[in-house]
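> what's the 3D shape of this:
(one chain, ligands or ions: 1)
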Amino acid sequence: MSTLELLPAVDVRDGQAVRLVHGESGTETSYGSPLEAALAWQASGAEWLHLVDLDAAFGTGDNRALVAEVTRAMDIKVELSGGIRDDATLAAALATGCTRVNLGTAALETPEWVAKVIAEHGDKIAVGLDVRGTTLRGRGWTRDGGDLYETLARLDQEGCARYVVTDIAKDGTLQGPNLELLKNVCAATDRPVVASGGVSSLDDLRALSGLVPLGVEGAIVGKALYAKAFTLEEALEAVSP
Ligand SMILES: O=C(O)c1ccccc1N[C@@H]1O[C@H](COP(=O)(O)O)[C@@H](O)[C@H]1O
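Below you'll find the model as predicted:
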């Protein structure tokens with residue numbers, strides 16, 4: 001059986017590594033230098049880094065130079081997201097050498113552009129499906145963007161390689177992942193799914209590992225690592241077969 005991939009998260013706001021609660025602006029807890037955080041996850045054995053420019057996602061500026069510096073400093077694979085919405089921001093993101101980018105708002109607001117870049121870049125493009133219930137949210141999770149399953153069907157048809165599914169109600173809360181949502185998404189698509197939101201314990205990671213046969217490929221872990229609920233080494237051990 002394949003091993004669940006773990007993607008420690010570094011979300012950057014105003015130059016700092018932060019965690020939010022429910023993705024809401026103003027709920028930040030700061031954890032210092034994004035580069036130091038990323039290097040620490042790499043040193044602890046991470047194979048992936050999930051790196052988010054939150055200011056670009058919220059439209060409150062950007063941390064592009066900093067996320068590019070962090071990406072270039074990594075020897076591991078980087079999934080880069082936040083504010084990648086047009087040719088210029090996509091080109092800049094890919095030029096960092098990241099392994100793939102994660103598109104959120106663009107998949108809701110400019111579907112023709114997203115279909116074009118999926119066709120051009122294949123599995124370098126993932127789409128972030130950030131949901132409340134079954135309603136997608138964009139622009140820093142502040143605006144509704146349509147139905148999850150209708151959008152998923154459209155993106156599947158366009159050849160989207162992978163989805164990063166975040167339950168906003170769980171994100172940053174340490175309440176456990178939404179396993180029902182993940183099962184439902186896996187039932188609706190044959191593409192790999194990266195789970196995001198709510199991981200609080202090693203048992204949560206074991207539960208997500210149990211969904212690997214259904215199509216869950218990986219899990220983003222944020223608050224639990226920063227809050228020291230467990231170490232990354234313990235997490236990697238927990239998901240190893
Ligand atoms: O990761 C977060 O906590 C988060 C909170 C609020 C908004 C976005 C967030 N993260 C990620 O940002 C990208 C979407 O950016 P965009 O819409 O393409 O500009 C996506 O990966 C979200 O999961």
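> My guess is Leu103 contacts Leu129. True?
No: using Cβ atoms under 8 Å, Leu103 makes no contact with Leu129, being 10.3 Å away. Quick note: C-beta positions are derived from backbone N, CA and C, even for glycine.
> Can you show me the helices along this structure?
34-43, 54-58, 64-73, 87-95, 105-109, 111-121, 148-158, 179-188, 202-209, 223-226, 232-239 (DSSP state H).
> Is it possible to get JSON lines of those that adds mean pLDDT, distance to the ligand and mean neighbour count?
Below are these laid out as JSON lines (pLDDT from 0 to 100; distance: least, Cβ to the nearest ligand atom, whole Å; neighbours: other Cβ atoms under 10 Å):
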{"stretch": "helix 34-43", "mean pLDDT": "98", "distance to the ligand": "13", "mean neighbour count": "18"}
{"stretch": "helix 54-58", "mean pLDDT": "97", "distance to the ligand": "4", "mean neighbour count": "23"}
{"stretch": "helix 64-73", "mean pLDDT": "98", "distance to the ligand": "12", "mean neighbour count": "18"}
{"stretch": "helix 87-95", "mean pLDDT": "98", "distance to the ligand": "9", "mean neighbour count": "16"}
{"stretch": "helix 105-109", "mean pLDDT": "97", "distance to the ligand": "3", "mean neighbour count": "23"}
{"stretch": "helix 111-121", "mean pLDDT": "98", "distance to the ligand": "10", "mean neighbour count": "15"}
{"stretch": "helix 148-158", "mean pLDDT": "98", "distance to the ligand": "13", "mean neighbour count": "16"}
{"stretch": "helix 179-188", "mean pLDDT": "98", "distance to the ligand": "14", "mean neighbour count": "17"}
{"stretch": "helix 202-209", "mean pLDDT": "98", "distance to the ligand": "17", "mean neighbour count": "18"}
{"stretch": "helix 223-226", "mean pLDDT": "96", "distance to the ligand": "10", "mean neighbour count": "22"}
{"stretch": "helix 232-239", "mean pLDDT": "98", "distance to the ligand": "18", "mean neighbour count": "17"}
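> Include distance to Arg19 when you put those into a markdown table, please.
As requested, the helices of the chain are exported to a markdown table (distance: least, Cβ to Cβ, whole Å):
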| stretch | distance to Arg19 |
| --- | --- |
| helix 34-43 | 11 |
| helix 54-58 | 10 |
| helix 64-73 | 16 |
| helix 87-95 | 22 |
| helix 105-109 | 21 |
| helix 111-121 | 28 |
| helix 148-158 | 24 |
| helix 179-188 | 21 |
| helix 202-209 | 16 |
| helix 223-226 | 5 |
| helix 232-239 | 15 |
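> Can you say which of those helices is nearest to Gly15?
For the helices of the chain, proximity to Gly15 was assessed by Cβ to Cβ; helix 64-73 is nearest, at 6.1 Å.
> which outside residues touch the closest one?
Residues from elsewhere that reach helix 64-73 (Cβ atoms under 8 Å, 6 or more residues apart in numbering): 10, 12, 15, 34-35, 38-39, 49, 51, 53, 56, 78, 80, 82-83, 92, 95-98.
> same thing with stretch 131-146?
Contacts for stretch 131-146 (Cβ under 8 Å, 6+ apart): 22-25, 54, 57-59, 104-105, 108-109, 129-130, 147-149, 151, 165-169, 181.
> again, only this time at 6 Å
Gly23, Ala57, Phe58, Gly104, Thr105, Leu108, Asp130, Leu148, Thr151, Ile168 (Cβ atoms under 6 Å, 6 or more residues apart in numbering).
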